[in-house]
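K.L.:
have a look; sequence and predicted model below, questions after that.
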Amino acid sequence: MFIVFLRFSANKAKAPDFIQGHKAWIQQGIKEGLFLIVGSLQPDQGGCIIANNIEKEALESRISEDPFVTENIVKAEVFEVTPSMTIENLQFLMAA
């Protein structure tokens, strides 16, 4: 499992020009079952994705296709997490 932080860069002002492509990129990751949770970093610092069922190299490659990344609107940081405990509803994460 991975936590991806997408922190705004100095090019944040360009975000409105690329938001539709960024949202489509997110929707594709959700549709494929790779992105479990997507949300905003507060206050207005960027975004966060919890990803699963993907290898780190494949995730990094996918992140490089995000329009916000290609246009240097955000800088991506990927952290790998090995879950050791969870609530019953999230037990599927333990097997990943």
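P.N.:
Received, thanks. Numbering: from 1, shown residues only.

K.L.:
ok so V38 is a strand residue?
P.N.:
Yes. Counting by DSSP: H, G, I helix; E, B strand; the rest coil, V38 is part of a strand.

K.L.:
how many neighbours does it have?
P.N.:
Residues lying near V38 (other C-beta atoms under 10 Å) number 17. Yep, even glycine has a C-beta here, placed from its N, CA and C like the rest.

K.L.:
what sits against it?
P.N.:
Neighbouring residues of V38 by C-beta atoms under 8 Å, 6 or more residues apart in numbering: I26, G29, I30, G47, C48, I49, I50.

K.L.:
restricted to strands, list those residues.
P.N.:
Taking DSSP state E, the ones among the contacts of V38 that sit in strands are G47, C48, I49, I50.

K.L.:
measure the third one to Q91 for me?
P.N.:
To Q91, I49 is 21 Å away according to C-beta to C-beta, to the nearest Å.

K.L.:
if we can go back for a sec, whichever of the contacts of V38 end up buried, select them in PyMOL.
P.N.:
PyMOL command restricting the contacts of V38 to the buried ones, with burial defined by 16 or more other C-beta atoms under 10 Å:
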select buried, resi 26+29+47+48+49+50
